[in-house]
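# Please find the sequence and the predicted model below.
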Amino acid sequence: MRLTYQSTRGGESGVTASMAILQGLAKDGGLFMPVEIPKLDVSFETLSGLTYQETAYEVMKLFFADFTEEELKSCISKAYDSKFDTGEIAPLAKVDGAYYLELYHGSTIAFKDMALSILPHLMTVSAKKNKADKEIVILTATSGDTGKAAMAGFADVPGTRIIVFYPKDGVSRIQELQMRTQKGDNTSVVAIRGNFDDAQTGVKRLFGNQALKEELVSKGFQLSSANSINIGRLVPQVVYYVYAYARLLANQELEQGEEINVVVPTGNFGNILAAYFAKKMGLPIKTLVCASNENKVLYDFFTTGTYDKRREFILTSSPSMDILISSNLERLIYLSTGCDGAANAAFMQELAEKGSYTITPAMREFMSDFTGGFATQKENAAAIKNIFDRAGYLIDTHTGVAAAVYKHYRASTGDTAKTVIVSTASPYKFSGSVMEAIAGSEELVGRDEFQIVDDLSRFTGTAIPAAVEEIRSAPVLHNLECDVEKMEETVKNLLGI
C-alpha cells in the first residue's frame, strides 16, 4: 500500500506525497505527516557504499511513494550537482572529539540548500502529476537562510513565483545582501518591520485566509510554502543523517549498529525533527540534543513540558535560531498524542490563544529521545574561539551554539557516545560575529562587512566562499519593506492583483 499523508490537526487524510508537497500546509492549518514513518529497506552495509545521491533515493522513495523512480532520480540529480563545492555534498570533519556534519557546501552556504535545492524540482513534478494549471506562488518567512536558498532554488523556474518575508533587523548583513541581490524575474523579497515570529505568523495567517486563497485561484495562482512545514522540505533533510552514519561506518569510525548522539542547533525544529525521522527509520541514534541560543523556548519545553512563547525576544549572533514559535514541533506533539489530530489541534489553539501549553507526562515520556541545552552569547563565542585555537577549525555562530551545548551535555551526563554535531552555515555568513569571537571586538572597529570578510580570511587562512564574493559587488534588486498588517496587500501588489 502506498504511503499517504494526513494533517496533524485531523482535517485531511489519504493525501498523496505530491499533493502534500504542492499544498505545503493542510487546509485546516495543520502540517502534513506520513501515516507512518517507513523503515529503511537497505542494509547499512549497502548504504555505506552509496553516494549522497544514491542515499537520497533510498530514503526519499519511501516517503514520496507516488513519484516514479525516474521522476525522483531526475529531481535528485538536478539538485545535488556542481552547485555544491564538494563531491561528498555533506562531508564530515573529525574535530576535537566530535564529527561535524558540514551542510553548507551548496550555493547559498547554509544547510537550507540541502533541501531547497530539490524542492523546486519536487514541486514542479508534483504540479504535473496533479494537473495543476495555476501558477504556484511560494510564500515563505525566513530567519535568514531559508529565504535566500528558496529564492535561489525557485529563481526562473517556470510556473512559479516566490515571495520571501524576513525581519528587517533580524538577519546578518551577508544574509540580507544575499536575498536583496537575488536575480530572477519571479523572485521578490520584503523586509518586515518586526521579528521572525511576526513574519512567520503573518505568512501562516495568509495561508489560513480562505477568501484570499479563493481570490488568488480566480486570478490563476495557488499558494504553497518552502518553509520546513512543507513535507517536501523536511524529507530531504532526513537524508544527510542517514548518509553521515553510513560514512562513519565506511570510514570505520563506528562498529555496525553502534549508537551515536546528534546535536542540532535548533530554531524552527525541522532539522532536529529530520534526525528523529531518521532514528524512527532505523538509524542507531541514542540521544537527540536540541541546542538553543538565549531564545531558549525549546530548552524550557524539554526541561519542563511547558511550551511558552510569552517571553522577551532576544536578538543574538545566531539569528536563524532567534525564534519563539517552533512550527515543526507540532509534528512531534502530534506523534506524542498517538496521532490524535483533535488533541494536537487543542494544544495549537491553546498556544494561539494563551501563548503556552503543557503536555502530559505520557507525552513527555514519548519524547525521552530528546534533551535540551542552551548557550549564552558568551558561551557561543568561547566555543568558536576554543575550537579554532585548539584545532584550527572555523565554525559559524549557530554551530558554536551546538558545540557549547555538546560540551556541557557531555560534562553533565558523562555520555561518551560518538557524536555528530550539525554544522549549519559557513562562518563567512556571520563574519563579524565569528571574527569578534576569535580575535576580539577591536578587530571590527571602522570595518565594513566585506573588510571583515577579508580580515577573517587572512586571520584564519581559510578561503572566502564564492557565494560571498559574488554579492560583494552585486546590485541590490529588492528594496521593499512593509508592516506585518500590510503583508496581504503587499502580496497582492506583487502579483498584480
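Now that the structure is in, tell me what you want to look at. Residues are numbered from 1 along each chain as shown.

# where in the protein is pLDDT low?
Judged by pLDDT under 70, the chain has its weakly predicted residues at 1.

# what sits against residue 155?
Contact analysis of residue 155 by Cβ atoms under 8 Å, 6 or more residues apart in numbering lists 162, 182-184, 186-187. Where you see a C-beta, it was placed from the backbone N, CA and C, and this is true even at glycine.

# if I look at it, how far off is residue 129?
Distance from residue 155 to residue 129, counting by Cβ to Cβ, to the nearest Å: 23 Å.

# next one: residue 424
In terms of Cβ to Cβ, residue 424 sits 32 Å off from residue 129.

# And those two? Which one has more around it.
Neighbour totals were compared for residue 424 and residue 129, and residue 424 leads with 30 against 18 (other Cβ atoms under 10 Å).

# List the contacts of that one.
103-104, 110-111, 145, 265, 271, 320, 396, 398-399.

# can you rerun that using 6 Å?
The contact partners of residue 424, taken as Cβ atoms under 6 Å, 6 or more residues apart in numbering, are 103, 111, 265, 398.

# Also residue 366?
residue 336.

# Residue 165: how many residues sit nearby?
Count around residue 165 with other Cβ under 10 Å applied: 28.

# That one - that's part of a helix, no?
No: read with DSSP: H, G, I helix; E, B strand; the rest coil, residue 165 is strand and lies in no helix.

# My guess is it contacts residue 193. True?
No: applying Cβ atoms under 6 Å as the test, residue 165 and residue 193 come out as separate, 10.8 Å apart.

# shared neighbours, the two?
With Cβ under 6 Å, 6+ apart, residue 165 and residue 193 have no common neighbours.

# Which parts of the stretch 151-300 of the chain are strands?
Ranges of strands within the stretch 151-300 of the chain are 160-167, 187-192, 221-224, 260-265, 285-292, based on DSSP state E, counting those that start in this stretch.

# Point out the most buried one among the ones you listed.
Highest mean neighbour count among these (mean count of other Cβ atoms under 10 Å): strand 260-265, with a mean of 27.

# just how off-centre is that one within its chain?
Taking the mean of its C-alpha atoms, strand 260-265 sits 15 Å from the chain's own mean (Cα atoms, centre = their mean, to the nearest Å).

# What of stretch 174-187?
19 Å.

# Can you tell me what sits against that stretch?
Contacts with stretch 174-187, where a contact means Cβ under 6 Å, 6+ apart, come from 144, 147-148, 151, 155-156, 161-162, 189, 429, 471, 474, 476, 478.

# is it possible to export the residues you listed to JSON lines including distance to residue 236?
Converted to JSON lines, these look like this (distance: Cβ to Cβ, whole Å):
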{"residue": "144", "distance to residue 236": "19"}
{"residue": "147", "distance to residue 236": "18"}
{"residue": "148", "distance to residue 236": "17"}
{"residue": "151", "distance to residue 236": "17"}
{"residue": "155", "distance to residue 236": "19"}
{"residue": "156", "distance to residue 236": "21"}
{"residue": "161", "distance to residue 236": "22"}
{"residue": "162", "distance to residue 236": "18"}
{"residue": "189", "distance to residue 236": "23"}
{"residue": "429", "distance to residue 236": "21"}
{"residue": "471", "distance to residue 236": "25"}
{"residue": "474", "distance to residue 236": "28"}
{"residue": "476", "distance to residue 236": "30"}
{"residue": "478", "distance to residue 236": "26"}
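
# Generate a PyMOL selection restricted to the buried subset of those residues.
In PyMOL, a selection of the buried entries from the contacts of stretch 174-187 looks like this (16 or more other Cβ atoms under 10 Å):
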select buried, resi 144+147+148+151+155+161+162+189+429+471+478
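
# Max pairwise distance over the contacts of stretch 174-187: which two?
Maximum pairwise distance in the contacts of stretch 174-187, criterion Cβ to Cβ, is 25.8 Å, between 161 and 429.

# hang on, the earlier thing: which among the contacts of residue 424 gets closest to residue 484?
Set against residue 484, the nearest of the contacts of residue 424 by Cβ to Cβ is residue 398 (25.4 Å).

# Would you mark the buried spots in the helix or strand containing that closest one?
Using DSSP states H and E, residue 398 maps to helix 397-413. Of the residues in helix 397-413, 397-410 count as buried by neighbour count, 16+ other Cβ under 10 Å.

# cool, stretch 385-392 as well?
When burial is assessed from 16+ other Cβ under 10 Å, stretch 385-392 yields the following buried residues: 385-388.

# now those residues in a markdown table, with distance to residue 211?
Putting these into a markdown table (distance: Cβ to Cβ, whole Å) gives the following:
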| residue | distance to residue 211 |
| --- | --- |
| 385 | 53 |
| 386 | 54 |
| 387 | 52 |
| 388 | 53 |
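
# Name the nearest of the residues you listed relative to residue 61.
residue 387 (37.4 Å).

# The closest one and residue 164, how far apart?
Computed as Cβ to Cβ, the residue 387 to residue 164 distance reads 32 Å.
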